[in-house]
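Trainee: Structure, please.
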Amino acid sequence: MLFDVERPGALLHALGAVWVTSTRANQVVKLNPWDGKVLGSYPVGHQPAAMVSDGEHLWVANSGSNSLMK
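Mentor: The predicted model follows:
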């Protein structure tokens, strides 16, 4: 199965979804893990590079803007 995400970076399976950073679009894309349908996209800082979940929230490290977002 192919998931279409522009310039994918970090990948995380958490909170019932697959999350992928789009480093060119400066966003995180939420995908349905079963069919790849886009469930949402969320703006983040410049060049999102890493993600982690604490079980309730998603945290994104943005290397281009030296920031961390929840």
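Trainee: Residue ranges in this protein under the pLDDT threshold?
Mentor: Applying pLDDT under 70 to the chain picks out no residues at all.
Trainee: where exactly do the strands run in it?
Mentor: Counting by DSSP state E, one finds strands in the chain at the ranges 8-14, 17-22, 27-31, 38-43, 48-53, 58-62, 67-69.
Trainee: Distance to residue 2 added to those strands, as a markdown table?
Mentor: Yep, even glycine has a C-beta here, placed from its N, CA and C like the rest. As requested, these are exported to a markdown table (distance: least, CB to CB, whole Å):
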| stretch | distance to residue 2 |
| --- | --- |
| strand 8-14 | 11 |
| strand 17-22 | 13 |
| strand 27-31 | 11 |
| strand 38-43 | 13 |
| strand 48-53 | 21 |
| strand 58-62 | 23 |
| strand 67-69 | 28 |
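Trainee: Including mean neighbour count, could these go into TSV?
Mentor: TSV is the format used below for the strands of the chain (neighbours: other CB atoms under 10 Å):
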stretch	mean neighbour count
strand 8-14	15
strand 17-22	21
strand 27-31	21
strand 38-43	13
strand 48-53	17
strand 58-62	18
strand 67-69	14
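Trainee: Any idea how many residues pack against residue 3?
Mentor: Residue crowding around residue 3 was assessed by other CB atoms under 10 Å; the count is 16.
Trainee: Quick check: the gap between the nearest residue to it once chain neighbours are set aside and residue 28.
Mentor: In this structure, residue 3 finds its nearest non-sequential neighbour in residue 36, 4.5 Å apart by CB to CB, 6 or more residues apart in numbering. Distance of residue 36 to residue 28, computed by CB to CB, to the nearest Å: 15 Å.
Trainee: And for residue 48?
Mentor: Applying CB to CB to residue 48 and residue 28 gives a distance of 6 Å.
Trainee: Same check on residue 52?
Mentor: 12 Å.
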